[in-house]
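> Turn this into a structure:
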Amino acid sequence: MNEARLLLELAGEAALLLWGLHMVQSGVQRAFGGRLQSGLERTLGTPWRAVLAGLGVTAVLQSSTATALMVSSFAAGGAVGLLPALAAMLGANIGTALIVQFLSFDAGWLYPPLILGGVVAFRGARRTRSRDLGRVAIGLGLMLLSLHQLSATLAPVESSPTLANMLALVADQPLPNLVLAAVVAWAAHSSVAGVLFVASLSGGGAIEPQAAIAMVLGANLGTALNPLLQARGAAGGRDRLRLPVGNLLNRLAGCVLVLALLPQATAMMTQFNPAPARLVANAHLVFNLLTALLAFPLLRPMAALLARLLPEPPPGADPAAPRYLDESALETPSVALSNATREVLRMADALEEMLTASARAFGTEERDTSRALARMDHVMDRLHHAIHAYLAAIPAEALADEEERRLEEIQGFAIALEQAADVLARDLSQHAAKRLRRGLVLNPREQSELSEVYATLAEQLRLAIAVFMMDDAEAARRLVTAKESLREPEREAARRVATAEGGAAPSFLLDTVRDLRRVGAHLVGVAHPLLERRGELLPSRLRPRSP
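Purely as a prediction, here's the structure:
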């Protein structure tokens, strides 16, 4: 066989394997991404439960890298501790080994019905989830087809002198084999694809058992590099590196141990099952099981060491710098949307601080409130732009219908918060400065009314967060009702202006209350989409005309 043609066929079949794996992952994420993420977050309580959770999610997604992104997001956001996160990664590594076990059996007869059934479901189903499951079936079929073609292509490999000579150069050198497989698995972002490719090489007689086991070690090590390299370029402090570094150290320690006992390990695995493909799959499973068993008792001291070596950023870090917008998660929409949600909640916290500062400006003689509000508004602007740029970078074709709606909700809430902050920083700070310049003094009654308006806005903000996070219909109705309650202070201030009661203060108070109502109007907009979906929002406040 022509060597160039052989290499081209191998590259094409490896690409088909990767594309099938991508279709399975994207189909599962589109169909169950949000539920998988929330289920994983709920079960990451104790280390043992975390191991099982990582195993289960990885078995569904067929990628420990995708699971690592989810768990890293939880750990970086403080939603889960480092100890259960490390345990979840041990389970994720076992999950990939179980997938290889399934795919290493001769299941070539399955790919025609899988692809046929997947195409029928994808083209004919009306429900979005049925189409996504059709995508999963097509992906599985393509993976099995690629493995079948790889075996057929590698069958005559012994008759290819060039390739045989290339592999013979490193046949008895474990370290080059390990590095080669690590590079392949890192480039593929998948230990499943890397190990299956090694199994195909072994099944075709291209590599000896000892070289195959060394390459299995490399495939496991290579995929542990992906989360680490991606976390280095992500926003946030060095504490984001804790989980990927811990996962890499666990796999590296396992690789060193097996390399030291490689002849004995090869003899044991060959005696257990000498079939080349089964030997590779069994070695992958045994490696991850032993690594998990040896590392599990050491997770607590490892977590403490990582926390000491990779500390959290100091409290005085830039408040406008995004903390959760991890660019490595963009290919996993459910994780990316969760990251954006956490960042939007930081905007809500900043707006609450602005409300407190603005309210204080009307009750004290402080003159630097405008500068403080301008600084906080600058933080809001930077976070707002960062969030929108991050959401725009999520591939639109990877979003399920539910995720598209969630993306729009995140964008809408970020816009509402940013516009409310603009009113506080621009208009309300001017009113506070005007009061000091003119020497206006609000009487106790006016102070009390203004404080009540600020208290109502603070309650509106809390209700808006509940609507945004929980789709709470009751909170949405209360949010709209709270908006209507702000009309009374405005009417009262307008009445005093009309009757010239109290001099210049009522006019000033009316302007202030009207601008505060604008802040509330921006927050109320968060409730409208939910109430519209539930059919609880009228299209107009006008009473319909009688015929």
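> so which helix or strand takes in the most centrally placed residue in the chain?
By CA atoms, centre = their mean, the chain has its centre lying nearest to Val335, at 1.8 Å. Using DSSP states H and E, Val335 sits within helix 333-361.
> Leu178 now?
Per DSSP H and E: helix 174-188 holds Leu178.
> name the helices or strands packed onto the helix or strand following that helix?
Sequence-wise, the next helix or strand downstream of helix 174-188 (DSSP H and E) is helix 191-203. Applying 3 or more CB pairs under 8 Å, 6 or more residues apart in numbering; DSSP states H and E, we find helix 191-203 packed against helix 3-43, helix 82-104, helix 128-154, helix 174-188, helix 209-232, helix 276-295. C-beta here means a position set from N, CA and C on the backbone, and glycine is covered the same way.
> same for the helix or strand following the fifth one, what does it pack against?
In the C-terminal direction, the helix or strand that comes right after helix 209-232 (DSSP H and E) is helix 242-260. In terms of contacts (3+ CB pairs under 8 Å, 6+ apart), helix 242-260 is packed against helix 64-76, helix 82-104, helix 174-188, helix 209-232, helix 276-295, helix 299-309.
> So which elements touch whichever helix or strand comes after helix 242-260?
Going down the chain from helix 242-260, the next helix or strand is helix 262-272, by DSSP H and E. Helix 262-272 sits against helix 209-232, helix 276-295, with contacts defined as 3+ CB pairs under 8 Å, 6+ apart.
> any idea of the angle helix 262-272 forms with helix 242-260?
Counting by axes from the mean of the first three to the mean of the last three CA atoms, to 10 degrees, helix 262-272 points 80 degrees away from the direction of helix 242-260.
> who touches helix 262-272?
By CB atoms under 8 Å, 6 or more residues apart in numbering, the residues outside helix 262-272 that reach it are Pro174, Pro209, Gln210, Ile213, Ala214, Val258, Leu279, Asn282, Ala283, Val286.
> wait, doesn't Ser191 sit right on Asn220?
Yes: counting by CB atoms under 8 Å, Ser191 does reach Asn220; the two are 5.7 Å apart.
> any idea how far His384 lies from Arg135?
34 Å (CB to CB, to the nearest Å).
> Run through the stretch 1-150 of the chain and note the low-pLDDT ranges.
1-3, 32-42, 62, 73, 76-79, 106-108 (pLDDT under 70).
> about what we covered before: I figured the residue nearest to the centre of the chain hits Ala329, correct?
Yes: assessed by CB under 8 Å, Val335 is found in contact with Ala329 at 4.1 Å.
> And stretch 249-261, how far out from the chain middle?
Relative to the chain's own centre, stretch 249-261 is displaced by 30 Å; criterion: CA atoms, centre = their mean, to the nearest Å.
> does Phe197 really touch Val184, like I thought?
Yes: counting by CB under 8 Å, Val184 is a contact partner of Phe197 at 6.4 Å.
> of those two, who's got more company?
In this view Phe197 and Val184 are compared by other CB atoms under 10 Å, and Phe197 has more residues nearby, 26 against 20.
> check contacts around the more buried one.
Counted by CB under 8 Å, 6+ apart, Phe197 has contacts Ala14, Leu17, Leu150, Val184, Ala188.
> Tell me the one of those nearest Ala304?
Ala188 (33.6 Å; CB to CB).
> So for the closest one, what pLDDT did the model give?
Ala188 is assigned 73 on the pLDDT scale.
> Tell me how far it lies from Ile207.
Counting by CB to CB - Ala188 and Ile207 are separated by 18 Å.
> and what of Arg517?
Separation of Arg517 from Ile207 (CB to CB): 74 Å.
> With neighbour numbers in mind, choose between those two.
Comparing Arg517 with Ile207 by neighbour count (other CB under 10 Å), the higher total belongs to Ile207, at 23 against 19.
> pretty sure the more buried one contacts Leu201?
Yes: Ile207 lies in contact with Leu201 (CB under 8 Å); the separation is 5.1 Å.
> Give the other helices and strands that the following helix or strand past the helix holding Val335 contacts.
Per DSSP H and E, the first helix or strand lying C-terminal to helix 333-361 is helix 369-392. Other helices and strands packing on helix 369-392, by 3+ CB pairs under 8 Å, 6+ apart, are helix 333-361, helix 401-423, helix 429-438.
> how close does Met354 get to Thr43?
Distance, Met354 to Thr43, by CB to CB: 37 Å.
> out of these two, which sits in the busier spot?
Shown here are Met354 and Thr43; by other CB under 10 Å, Met354 has more neighbours (26 against 18).
> Pull the contacting residues for that one.
Met354 sits next to Leu373, Met376, Asp377, Met380, Ala421, Leu424, Ala425 when contact means CB under 8 Å, 6+ apart.
> Serialize these to JSON lines and add fields for distance to Arg242.
Shown next, in JSON lines, are the contacts of Met354 (distance: CB to CB, whole Å):
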{"residue": "Leu373", "distance to Arg242": "36"}
{"residue": "Met376", "distance to Arg242": "30"}
{"residue": "Asp377", "distance to Arg242": "33"}
{"residue": "Met380", "distance to Arg242": "29"}
{"residue": "Ala421", "distance to Arg242": "33"}
{"residue": "Leu424", "distance to Arg242": "37"}
{"residue": "Ala425", "distance to Arg242": "36"}
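> Confidence-wise, which of those residues comes last?
For the contacts of Met354, the least confident entry is Leu373, with 84.
> Could you measure from it over to Glu459?
21 Å.
> which one of these two has more residues nearby?
Leu373 (22 against 16).
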